Structure formats: structure tokens, C-alpha cells
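Peer 1: please work out how this folds:
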Amino acid sequence: MTTAIDWGRTAADYAAYRAGFPDAFYDRLAGYGIVRAATGPRSALDLGTGTGLLARGLAARGWRVTGLDISADMVAAARRLDAAAGVQIDYVVAPAEATGQPDRSFHLVTAGTCWHWFDRPKVTREARRVLADGGWLVICAMDWSTEPGNIVEATTALIEQHNPSWHDSGASGLRPAWADELPAAGFGTIERFHFTALIPYSHAAWRGRIRASAGVGASLSPSAVEAFDCAHASLLQARFAAEPLQVPHRISAIMARAA
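Peer 2: A predicted model of the protein is given here:
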């Protein structure tokens, strides 16, 4: 049985198994002068923060971060992970399109693998409203990379067998055409980058990561999630027994400066 997408139902697996952006991602941003180790009071707002993966990456680099998400369960999981990591992040439960934050109050607004869930015209205007002049909006994504015969292709085919209404192979986190929508909201300089990274997963971690996805834990009934997970475990043992798995991901970003 398929239900409406509810990210709160995936919070435990999301917190335990979803990999964050690799160091190379932050290095690329630093190369554009966007995310260097912060000096002085530099503030960032992370939209759709989930369990705070991107927010913690910024906090570890000296930024004062506010994480915003519509799911209270995700925010609760983020706070537990922050405590374990020894970082301090402020959280707000609110939609990205109406953050409730003051005008021109942030130097950086980020959105990691979530822009496709938002009302883009509204969230773009909201990002510009809360950004100080000269601040940066970073729309970024960490997508599974499907190649013939690889683990991503096999896993997404299995998701579609168990959830025929799901047709997203994980490649919806960022679309280059979104950059064309930003100037109308008051963004000037626009930059882009992308690269591929291999992310290691054990069988247990990959199963948890997939349970945390929109096509499984966020939209299937508990019994259907259990049935999928059993089938997924059998697939991994039969076709991808060697561990750790090396799962290819496409890391990409659109960076726009507030004019």
C-alpha cells in the first residue's frame, strides 16, 4: 500500500544511514569563495535541513547555522546528531517558502537535495528576502548515479516493483534549468559545478539508506517497507555480495549571488 510522502516516518533510518556531502563538495564551494572557514559572525540558513547533514557540515567550518524543516521528527533527530557531533545549530520547524526569518539576516542560504520538493518561485523569493546583499544561495544535490548493471539501477528497479507509483531514480535533486529561474527573484552571478564521488556503504547501511527514501519508507506502509527490505537484502546477497559497496553519486550545485 502506498501512502502520501511523510519524511517523519523515515527519521530514524535517515539519521542513521544517509550520507552527507563529502569534503570535496565544501572544497568546491570554498574555491568559489562561498564556504571558507568562517571568520567573524557569518550566518547560514539551511532549508529542508532534514537531519542536519548540510547544516553540520557548515557548523563544523565555523558558520552560525539555522536549520529549517517542515518535519518536527527530522528536527528532533538532527538535534540528537548535533549533540553527538559536538556542534550547536538552531532549528526552526517551518516551510521553506515561509521561513519566518528576518529580512537580510543571512550571508548564505543552502538547500541540499530538496529544492524539487518546494514551490520554487516562492522559495526563491523567500531565499532572496532573507539573504543580505552579496550573500549566496546554494542549491545542491547528492544523487545516486545509475549505470547499466550497477547497484543503483538494480535497487531502483526493485523500488519500482514494490511501489509502481514511484518513478524517481534519485536524479531529481537538481536540474540545471533551475538556474534560469533565479534572476527574476533578484539573483545576479550564477555559477555551477558537478562531479562524481563513490560513497561506501555496508549492506546494512545501503538497506537503511533506501528505507529512508521517498519511494520506500516515506511512502509505503510498514508491512510493505518490511517486504521491500527483505527483497532488497536478498538482491544484495545475490548480486552485490562484496562489501563495502561503492555507490556512485553525482554531486552538483547551482550557486547564485544576491544582487
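
Peer 1: state the pLDDT value of Tyr14.
Peer 2: On the pLDDT scale, Tyr14 is placed at 81.

Peer 1: that one contacts Ala76, correct?
Peer 2: No: the pair Tyr14 / Ala76 is not scored as a contact, 11.6 Å apart, by C-beta atoms under 8 Å. The C-beta positions use only the backbone N, C-alpha and C, and glycine is treated the same way.

Peer 1: those two: who's more crowded?
Peer 2: Tyr14 (26 against 15; other C-beta atoms under 10 Å).

Peer 1: ok, the more buried one to Asp27 distance?
Peer 2: Per C-beta to C-beta, to the nearest Å, Tyr14 is found 25 Å from Asp27.

Peer 1: again with Asp82
Peer 2: Counting by C-beta to C-beta - Asp82 and Asp27 are separated by 23 Å.

Peer 1: what do you get for Asp69?
Peer 2: Distance of Asp69 to Asp27, given as C-beta to C-beta: 26 Å.

Peer 1: before we move on, what about Ala205?
Peer 2: Shown here: Ala205 relative to Asp27, a distance of 24 Å by C-beta to C-beta.

Peer 1: tell me which of the two has more neighbours.
Peer 2: Per other C-beta under 10 Å, whichever of Ala205 and Asp27 has more neighbours is Ala205, with 20 against 10.

Peer 1: just give the nearest non-adjacent residue to that one, would you?
Peer 2: Among residues not flanking Ala205 along the chain, Tyr17 sits closest, at 5.1 Å (C-beta to C-beta, 6 or more residues apart in numbering).

Peer 1: ok, the one you found touching Gly208?
Peer 2: Yes: when contacts are counted by C-beta under 8 Å, Tyr17 is listed as touching Gly208 (3.3 Å).
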